[in-house]
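Q: Sequence and predicted model, in that order:
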Amino acid sequence: MSQSSTESQYTVIAFYKFIELADICSLQSAIAAFCKEHAILGTILLAHEGINATIAGSDKNIAAVVAFLHSHTPFAELQFRYTYADFNPFYKMKVRIKKEIVALRIPNIYPDKKTGIQVPPEEWDPVIADPETFLIDTRNTYECELGTFPGAHNPETDVFRDFPAYVKQNLDPAKHKKIAMFCTGGIRCEKASSYLLEQGFSEVYQLQGGILNYLEKIPAENSTWEGECFIFDNRITV
């Protein structure tokens, strides 16, 4: 799936965290300047609800960025997913301020305070094999068509903000007692599960770290994943 850092020229890290951020303009300036100084490329999104990013650079410079972010109190416990590439999958560096780090466009949803039950990859397959589980692929249609878990329902959304309409039209807390969901890296499920809990669904599970974490942790011979996984850089799929 991925190469080691000794075989590849670039280290790629993906990370996100829902946490209340105050002075995001100052944070944007500091992060942008540091990334420019260390020849980092990629995209970092900042909002009052948190941070969401995928960036790439040399192993040494990525290590410097990780230390820099950890030195800031809101990001002291930030966790990173590492992959490696023999080319930089980004063309430029963008540090942008957004209203949301993943756009659902529903007010008063706070994933930092309430989300579904995180299921480690090693425990995921028994959860989705349960006939009582209603399994949802929270990604968009073009992503679902490349690969998914067997039995997953495709909400047929073009963008994530279409998800609430899918819920309204297709799900019922009285009927769907146990819901499990997954996405690429976990961020959409954080927000989607928080939304479902607000809508009265009581038993909601999400794949910890998303599909990428599952593919990293579960050997191919034991994996139930079918197909490829779309990723949001110039590598396209893994």
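A: Right, received. Where do you want to start?
Q: so how far does stretch 111-131 reach from one end to the other?
A: Between the opening and closing residues of stretch 111-131 we find a distance of 27 Å, counting by CA to CA, to the nearest Å.
Q: Now do the buried residues in it.
A: 111, 115-116, 119, 121, 124-125, 128 (16 or more other CB atoms under 10 Å). For glycine as for every other residue, the C-beta is placed from the backbone atoms N, C-alpha and C.
Q: of those residues, closest to Q9?
A: Distances from these to Q9 were compared by CB to CB; the smallest belongs to P121, at 28.3 Å.
Q: wait, that closest one sits on I211?
A: No. P121 lies out of contact with I211 (CB atoms under 8 Å); the separation is 9.3 Å.
Q: what's the overlap in contacts for these two?
A: With contacts taken as CB atoms under 8 Å, 6 or more residues apart in numbering, P121 and I211 have no neighbour in common.
Q: Format the buried residues of stretch 111-131 as JSON lines; extra columns: secondary structure and distance to D158.
A: Written out in JSON lines, the entries for these read as follows (DSSP: H, G, I helix; E, B strand; the rest coil; distance: CB to CB, whole Å):
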{"residue": "P111", "secondary structure": "coil", "distance to D158": "22"}
{"residue": "T115", "secondary structure": "coil", "distance to D158": "24"}
{"residue": "G116", "secondary structure": "coil", "distance to D158": "24"}
{"residue": "V119", "secondary structure": "strand", "distance to D158": "27"}
{"residue": "P121", "secondary structure": "helix", "distance to D158": "28"}
{"residue": "W124", "secondary structure": "helix", "distance to D158": "27"}
{"residue": "D125", "secondary structure": "helix", "distance to D158": "29"}
{"residue": "I128", "secondary structure": "helix", "distance to D158": "25"}
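Q: Much appreciated, bye for now.
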